[in-house]
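[1] sequence and predicted model, in that order:
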Amino acid sequence: MEGNWALTKKRARLEQRARIVQMVRAFFISREYLEVETPQRLPGNAPEAHIDAMTSNDWFLHTSPELCMKRLLAAGYEKLFQICHCWRDGERGKRHLPEFTMLEWYAAGCDYLRLMDECEILLRVLVAQEHFTYQGETIDLSGPFERLTVAEAFERYATLGLAEALESDRFDELLTLEVETYLGRGRPTFLIEYPSELAALARCHPERPQVAERFELYIAGLELANAFSELTDPTEQRRRFETDEAERRAAGKPPYPVPEKFLTELAAMPEAAGIALGLDRLVMLLTDATIIDEVVAFSPELL
């Protein structure tokens, strides 16, 4: 009987993936995080201009477990983590899948600075040595990770400064095409202090409200995680949702319902921070995979 060679040749990486997932789970349990499962089919996701959800009858598959996990924080759960599948329409490439695995964790009484420290600890736990090699490039984990502001990154690597990039609506283009490739080279980079216009669900800095307490983690030019100190003001969060929804509709995208239950409970959420980390991409890095297809059993084309 003829086997499927496309599946057979993935075995070594899938075995490595299983060990990595087990180590991740053990890491959070050892730090007294509660593992939770939240519904993957929702009445609506948080409206984001550049993320499109997949429909499931008259509801949607979740693009992230974020809203439900924050509702758990508001209900008194202090430290949570989840490993789950998420769906985003139209995302397919060497580093993207429409169905992918996300690791998210949240902690009350925490901010984005502490999450950066926790990221560093997690990666050092997962890598036995002080360094690893990805696509011929050595990544050093022994010292502090680089912390680079978005403004500094644009000044250093982009053809336009941050203010000009925002004014000309070219921020995402320049970040993707000119900045990201230089981030996390030789050692991981935390890209920090996103402009407040791009705060999403993040809290703005109390002393510098023009920036948000948000970071993204990059290794070898690959975006691995997005994190922030959480916004807990329901009025401000509603305003941001309305702005994002207006941008979506202006672009001709289908309307999303307002997540009213989340907004109602948000005022009860304590100060907290949360992070979403792409588990498939993490496995890519730690197994030296060229494309994301190599670290999942079934990419869409194999179905």
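    Good, I have the coordinates. Remember, predicted model here, so these are calculated numbers, not experimental data.

[2] so, low pLDDT: which residues of this protein?
    Flagging of the chain using pLDDT under 70 yields the residue ranges 1-3.

[3] which positions within stretch 239-253 qualify as buried?
    240, 241, 244, 245, 248 (16 or more other Cβ atoms under 10 Å). C-betas here are computed from N, CA, C, even on glycine.

[4] may I have the beta-bridge partners of residue 96?
    Beta-bridge pairing for residue 96 (DSSP bridges): residue 93.

[5] picking that back up, widest-spaced pair of the buried residues of stretch 239-253?
    240 and 248 (12.6 Å; Cβ to Cβ).

[6] what segments of the stretch 201-303 of the chain are helices?
    Assigned by DSSP state H, counting those that start in this stretch, the helices in the stretch 201-303 of the chain fall at 234-250, 260-266, 279-287.

[7] closest one to residue 103 among those helices?
    Taking the helices of the stretch 201-303 of the chain one by one with Cβ to Cβ, helix 279-287 is closest: 4.8 Å.

[8] distance from the chain centre to the closest one, please.
    14 Å (Cα atoms, centre = their mean, to the nearest Å).

[9] contacts for that helix next, please.
    13, 16-17, 20-21, 24, 83, 95, 97, 100-103, 126-127, 132, 134, 139, 219-220, 222-224, 289, 291-292, 294-296 (Cβ atoms under 8 Å, 6 or more residues apart in numbering).

[10] using CSV, write out every CA atom in that helix.
    Provided in CSV are the C-alpha atoms of helix 279-287 (Å, rounded to 0.1, in the frame of the first residue of the first chain):
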residue,chain,number,x,y,z
LEU,A,279,3.4,28.4,18.0
ASP,A,280,3.9,27.1,14.5
ARG,A,281,6.5,29.9,13.9
LEU,A,282,8.2,29.1,17.2
VAL,A,283,8.5,25.5,16.0
MET,A,284,9.9,26.7,12.7
LEU,A,285,12.6,28.6,14.5
LEU,A,286,13.6,25.8,16.9
THR,A,287,13.6,23.1,14.2
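
[11] all strands for the chain, in order.
    34-35, 41-42, 55-56, 59-61, 79-87, 99-108, 131-134, 137-140, 146-149, 189-192, 214-219, 222-229, 272-278 (DSSP state E).

[12] out of the ones you listed, flag the one nearest residue 236.
    Going by Cβ to Cβ, the one of the strands of the chain nearest residue 236 is strand 222-229, 13.5 Å.

[13] as TSV, the strands of the chain with mean neighbour count would be great.
    Formatted as TSV, these follow (neighbours: other Cβ atoms under 10 Å):
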stretch	mean neighbour count
strand 34-35	12
strand 41-42	16
strand 55-56	12
strand 59-61	19
strand 79-87	20
strand 99-108	21
strand 131-134	16
strand 137-140	14
strand 146-149	17
strand 189-192	24
strand 214-219	25
strand 222-229	22
strand 272-278	23
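
[14] export these to CSV and tack on distance to residue 69?
    CSV is the format used below for the strands of the chain (distance: least, Cβ to Cβ, whole Å):
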stretch, distance to residue 69
strand 34-35, 11
strand 41-42, 12
strand 55-56, 20
strand 59-61, 16
strand 79-87, 6
strand 99-108, 5
strand 131-134, 30
strand 137-140, 29
strand 146-149, 26
strand 189-192, 22
strand 214-219, 17
strand 222-229, 13
strand 272-278, 7
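
[15] who wins for proximity to residue 157 among those strands?
    The nearest among these, by Cβ to Cβ, is strand 146-149 at 9.7 Å.

[16] for the closest one, the distance to its chain's centre please.
    17 Å.

[17] closest one to residue 52 among the helices of the stretch 201-303 of the chain?
    That would be helix 234-250 among the helices of the stretch 201-303 of the chain, by Cβ to Cβ, at 8.6 Å.

[18] report the distance from stretch 188-207 to the chain centre.
    Worked out by Cα atoms, centre = their mean, stretch 188-207 lies 14 Å from the chain centre.

[19] contacting residues for residue 142?
    130, 131.

[20] could I get the CA-only coordinates of the lengthiest helix in the chain as PDB?
    As assigned by DSSP state H, the longest helix anywhere in the chain is helix 11-30. Only the C-alpha atoms of helix 11-30 are listed here, as PDB (Å, rounded to 0.1, in the frame of the first residue of the first chain):
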ATOM      1  CA  ARG A  11       7.900  12.900  11.100                       C
ATOM      2  CA  ALA A  12      11.100  14.200  12.700                       C
ATOM      3  CA  ARG A  13       9.900  17.800  13.000                       C
ATOM      4  CA  LEU A  14       6.500  16.700  14.200                       C
ATOM      5  CA  GLU A  15       8.200  14.700  17.000                       C
ATOM      6  CA  GLN A  16      10.200  17.800  17.800                       C
ATOM      7  CA  ARG A  17       7.000  19.900  17.800                       C
ATOM      8  CA  ALA A  18       5.300  17.500  20.200                       C
ATOM      9  CA  ARG A  19       8.300  17.900  22.600                       C
ATOM     10  CA  ILE A  20       8.200  21.700  22.300                       C
ATOM     11  CA  VAL A  21       4.500  21.800  23.100                       C
ATOM     12  CA  GLN A  22       5.000  19.600  26.100                       C
ATOM     13  CA  MET A  23       7.800  21.900  27.400                       C
ATOM     14  CA  VAL A  24       5.700  25.000  26.800                       C
ATOM     15  CA  ARG A  25       2.800  23.500  28.800                       C
ATOM     16  CA  ALA A  26       5.100  22.400  31.600                       C
ATOM     17  CA  PHE A  27       6.700  25.900  31.700                       C
ATOM     18  CA  PHE A  28       3.400  27.600  32.400                       C
ATOM     19  CA  ILE A  29       2.100  25.000  34.800                       C
ATOM     20  CA  SER A  30       5.300  25.300  36.800                       C
END
